[in-house]
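*Asks:* Generate coordinates for the sequence data below:
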Amino acid sequence: MTPRGDGPALFISDLHLSPALPRTVQVFEDFLRGPAREASVLFILGDLFEYWIGDDMLDVATPTDTRTEAATSSPEPLGAFARRMTAAMAELSANGVPIAVMRGNRDFLLGERFARAAGAILLDDPCVFSFLGQALVLSHGDQLCTDDVGYQRFRRVAHSPLGKALFLTLPLRLRMAIANRIRRRSAAKGAHRMAYADANPQAIAALLDAAGERTLVHGHTHRPARHADGRRVRWVLPDWEFDVATPRGGYLQWDSHGLRAIDLAGSAPGNR
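*Replies:* Below you'll find the model as predicted:
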């Protein structure tokens, strides 16, 4: 990924975009038309979407999300929603801002058709990005949560080429039903899983040592912070949720002044 110009590099993750979350979607669209326009490059480090069950979500006949039907009186079909989001990203790309997307645990089935529609490139997880004479290790972060043994077992199967290929052979409606069931089960276990949701220190150290770098940026855990351990620094990106009473979300900016977290909560609809 080659940055353009002298603007900052921006990093976001865990937006969990869905037609059921219109305020979060609006903040994302405003972000693409605002701060992202001045960027040298935009990195999206996983879970851009609440779920992505295959690039055929971009098709006209994609059905409506059942959660959206319950949440709104005029739900937007997932196909139309997916095309609207990729079109917004493609507009930013057409204005000269490179977009790099890393797959997350919710949208690990993002493929080349999505990338072409969005004007983006797909990143390996992890990867190293060099900028302003320094380098960062980038990751979604779920593979660092090694204490969650059950999830890691699921991840190895679901993310394997065979697992993905078999899932994509299923009819779209069945894939959607499976995704909704997993999402409900995950929500029901949320309180129990919080004890296992953070990144493991040994996994972090191993990743940085393997890359030969000392700064890591990741998302996934929904625990935004800057952690310093000796010479190692770890930035955890915030999740976005602007459809709640206390909105949250933001991005990490890297420029000549270094890395700093930018809060977007004040820009949420209804908080301006």
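
*Asks:* Can you list the low-confidence ranges for the stretch 51-200 of the chain?
*Replies:* Low-confidence segments of the stretch 51-200 of the chain, defined by pLDDT under 70: 62-75, 183, 185-197.

*Asks:* all strands for it, in order.
*Replies:* With DSSP state E, counting those that start in this stretch, the ranges of strands along the stretch 51-200 of the chain come out as 99-102, 120-123, 127-131, 134-139.

*Asks:* Just send those back as TSV, with mean neighbour count and distance to residue 217 too.
*Replies:* From N, CA and C alone the C-beta is placed, and that goes for glycine too. Listed next are the strands of the stretch 51-200 of the chain as TSV, based on neighbours: other Cβ atoms under 10 Å; distance: least, Cβ to Cβ, whole Å:
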stretch	mean neighbour count	distance to residue 217
strand 99-102	22	11
strand 120-123	18	12
strand 127-131	15	9
strand 134-139	21	5
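
*Asks:* in a strand, that's where residue 216 is, yeah?
*Replies:* Yes - with DSSP: H, G, I helix; E, B strand; the rest coil as the criterion, residue 216 is located in a strand.

*Asks:* Could you give the number of residues near residue 169?
*Replies:* 8 (other Cβ atoms under 10 Å).

*Asks:* What of residue 222?
*Replies:* Look at residue 222: counted by other Cβ under 10 Å, it has 20 neighbours.

*Asks:* cool, and residue 112?
*Replies:* With neighbours defined by other Cβ under 10 Å, the count for residue 112 comes to 10.

*Asks:* cool, and the one 4 residues further on?
*Replies:* Around residue 116 sit 14 other residues, with neighbours defined as other Cβ under 10 Å.

*Asks:* Who does residue 128 form a beta bridge with?
*Replies:* According to DSSP bridges, residue 137 are recorded as the beta-bridge partners of residue 128.

*Asks:* Could you export the strands of the stretch 51-200 of the chain as JSON lines, including distance to residue 260?
*Replies:* Shown next, in JSON lines, are the strands of the stretch 51-200 of the chain (distance: least, Cβ to Cβ, whole Å):
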{"stretch": "strand 99-102", "distance to residue 260": "20"}
{"stretch": "strand 120-123", "distance to residue 260": "22"}
{"stretch": "strand 127-131", "distance to residue 260": "14"}
{"stretch": "strand 134-139", "distance to residue 260": "14"}
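
*Asks:* what's the closest of these to residue 180?
*Replies:* With Cβ to Cβ as the criterion, residue 180 lies closest to strand 99-102 of the strands of the stretch 51-200 of the chain, at 23.2 Å.

*Asks:* All good on my end, thank you.
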